[in-house]
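> predicted model, plus sequence, below.
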Amino acid sequence: MISYAICRDLPQSFSNCVTAVDLSQSAIDITLARQQHDDYVKVLKEHVENVIQVSADEDHPDCCFVEDTCVVVKDTAVVNQLGHVSRQKEIGPNAEALKQVPTLKTIVYMKDMDEEATLDGGDCMLVGDHLYVGLSARTNEQGAKVLEKAFSSSCKVVTITALKDSPTLHLKCLVTQVNEDTLVACSNPAGKELIQEIKQKSGIDYSVIFVPDSVPANILALGSDFVVIQKNFPESERILVEELTEKRGIQLKALDMSELIKADGALTCCSVLIP
Ligand code: CIR
């Protein structure tokens with residue numbers, strides 16, 4: 001059950017986002033991107049009691065990717081120092097939105113705890129009382145240490161190194177959680193290595209649903225019986241329907257996020273979910 005979700009509107013400047021995709025070959029259709037983001041927010045509003053929608057900031061083309069700006073565990077939120085310098089000033093209005101969530105008792109700023117720390121929320125995956133933090137080009141060891149300190153009484157922080165020197169943007173580009181027992185991961189070698197490290201370091205034998213594509217490995221679970229998945233990846237969708245709906249009775253909604261994918265975005269990155 002998710003009580004609060006924070007999301008942020010998509011700016012007109014979205015095409016100037018940070019991305020590894022060659023936009024000269026495949027330009028972002030801003031009208032379509034807006035439509036896709038609106039559809040996403042609509043699904044959030046249908047399944048989450050309180051949705052806080054922050055206005056877009058034209059000076060920050062990536063501002064709709066709110067997941068990267070903070071990490072929430074129980075009654076504590078850490079406002080991150082993002083790993084890409086062009087995104088670091090996105091945090092202000094999102095931190096204000098966190099203040100509207102009554103269950104949050106403590107909000108701390110990563111930068112105040114360690115100036116050298118950087119971390120993107122896309123590298124963090126909370127499964128039960130384990131918070132997996134992937135080191136990446138965006139997230140450094142100091143960032144992981146700040147989370148360890150901030151959440152010392154509420155969860156166990158497990159640092160994952162498998163993607164540290166890989167071109168993968170974030171941990172959640174390859175693995176996401178359905179619930180406390182089940183993960184979805186990409187079946188490519190990087191995805192398998194990641195799962196191996198997660199299982200080995202936690203000692204937990206999660207049930208893992210492997211899909212062949214990386215984009216649909218990023219699913220958005222909005223509670224125990226409803227999951228949003230990516231449209232347009234037929235083989236991955238077939239596996240998710242079989243494993244989640246047919247075997248586990250979970251309702252699925254497939255969304256087309258083609259224009260956000262061009263910005264290296266996925267499903268989890270457009271919201272911060274607070275139980
Ligand atoms: C970036 O490169 O920072 C953005 N264009 C995409 C961020 C996606 N965030 C996420 O998956 N958590």
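Arrived safely. Note that the coordinates shown come from a computational prediction; the quantities given were computed from them, not determined experimentally.
> Lys99 versus the closest residue to Asp57 other than its chain neighbours, what's the distance?
Leaving aside its sequence neighbours, Asp57 sits nearest to Cys63 (C-beta to C-beta, 6 or more residues apart in numbering; 4.7 Å). For every residue, glycine as well, the C-beta is placed using N, CA and C. Remark: distance between Cys63 and Lys99 (C-beta to C-beta, to the nearest Å) = 18 Å.
> got it, and Ser86?
25 Å.
> please list the residues of this structure that sit near the ligand.
Neighbours of the ligand within the chain, by C-beta under 6 Å from any ligand atom: 17-19, 62, 65, 67-68, 84, 87, 121-122, 170, 263-266, 269.
> please enumerate the strands of the stretch 51-200 of the chain.
With strands called from DSSP state E, counting those that start in this stretch, the stretch 51-200 of the chain shows them at 70-73, 76-79, 106-109, 124-127, 130-134, 156-160, 175-177, 182-186.
> so which elements touch the shortest one?
When you say that, I think you mean strand 175-177. strand 124-127, strand 182-186, helix 189-202, strand 220-221 (3 or more C-beta pairs under 8 Å, 6 or more residues apart in numbering; DSSP states H and E).
> surely Ala162 touches Ala190?
Yes - with contact defined as C-beta atoms under 8 Å, Ala162 counts as touching Ala190 (7.0 Å).
> list the contacts of Gly143.
80-81, 83, 110, 114, 117-119, 133 (C-beta atoms under 8 Å, 6 or more residues apart in numbering).
> for these, pick the one with the most neighbours.
Asn80 (32 neighbours; other C-beta atoms under 10 Å).
> show the model's pLDDT score for that residue.
The model reports Asn80 with a pLDDT of 98.
> more neighbours, Ala162 and Ala190?
Ala162 (22 against 19).
> and the gap between Phe210 and Thr168?
16 Å.
> and the two? which has more neighbours close in?
Taking other C-beta under 10 Å, Phe210 and Thr168 do not tie; Thr168 has more neighbours (22 against 18).
> from Leu119, how far off is the more buried one?
Thr168 is 16 Å from Leu119, where distance means C-beta to C-beta.
> ok, now Phe151?
Distance from Phe151 to Leu119, by C-beta to C-beta: 12 Å.
> now Ser187
Counting by C-beta to C-beta - Ser187 and Leu119 are separated by 27 Å.
> now do Glu46
From Glu46 to Leu119 the distance is 31 Å (C-beta to C-beta).
> with neighbour numbers in mind, choose between Ser86 and Lys99.
The residue with more neighbours, out of Ser86 and Lys99, is Ser86; 14 against 10, by other C-beta under 10 Å.
> wait, that one touches Asn16, no?
No - counting by C-beta under 8 Å, Ser86 does not reach Asn16; the two are 9.2 Å apart.
> contacts only, for the residue of the stretch 51-200 of the chain found nearest the ligand.
Residue nearest to the ligand within the stretch 51-200 of the chain: Gly122 (2.5 Å; C-beta to the nearest ligand atom). Neighbouring residues of Gly122 by C-beta under 8 Å, 6+ apart: 65, 67-68, 138, 169-173, 268-269.
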